[in-house]
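> Prediction below, plus the sequence it came from.
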Amino acid sequence: MSGAEAPPSTVGWENLARGAANLGVDDEEDVELRRELLSFRLGESPYAIPVERVREIVRMREITIVPRMPSWVLGVVALRGEVVQVVDLRMRLGLAPCEPSRRSRIIVLHGDDEAVTAILVDAVEAVLRIPEDSVSPASGSELGAVTELCEHGGEFVSLIDVDRVLEFCAGRS
């Protein structure tokens, strides 16, 4: 492999990022407001979070368990010398736990207060550009983590309020 080629495992993520960066670049007629969302799966259900909250996406790795944490906090991982807490998003949303698979990913998120936390998801799918007027409020969520819904590809995508999901994590108020 030459120095210019990326390892096969990173090519897909680079293409995803490149595609997100190029969305709408040549589309001068498209002036409506749009949201950019990272879509992912928990089981068969699609979810999404705002792209601007995503710092990076990493493959599943060994998670060190931390005692006396809620069951939905899996533990911590080390990323380039930084200790990052990992939340099992399935459990946090009240879904049945599931063993991670080859498609499972850890999405590292950054907050306004420079805190870094990660969520474990079953699979990352794509970056979506959704017209603002196609997003509608959700109702009936006990936790309140799913605040909005939108349609994409013939199915409803639940938009997660990251701050609500992570508000009880250690180090967050």
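On my side now, so go ahead. Residues are numbered from 1 along each chain as shown.

> quick one: Pro46 from Arg105, how far?
Using Cβ to Cβ, to the nearest Å, Pro46 is found at 14 Å from Arg105. Bear in mind the C-beta positions are built from the backbone N, C-alpha and C, glycine included.

> for Leu33, same thing?
Counting by Cβ to Cβ, the gap from Leu33 to Arg105 is 28 Å.

> ok, now which ones touch the residue nearest to Arg129 when sequence neighbours are not counted?
Counting by Cβ to Cβ, 6 or more residues apart in numbering, Arg34 is the residue found nearest to Arg129 once chain neighbours are left out, at 4.8 Å. Arg34 makes contact with 24, 129-132 under the criterion Cβ atoms under 8 Å, 6 or more residues apart in numbering.

> Next, format these as TSV and append neighbour count, distance to Arg55 and secondary structure.
Below are the contacts of Arg34 laid out as TSV (neighbours: other Cβ atoms under 10 Å; distance: Cβ to Cβ, whole Å; DSSP: H, G, I helix; E, B strand; the rest coil):
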residue	neighbour count	distance to Arg55	secondary structure
Gly24	11	23	coil
Arg129	16	20	strand
Ile130	20	21	strand
Pro131	12	26	strand
Glu132	10	24	helix
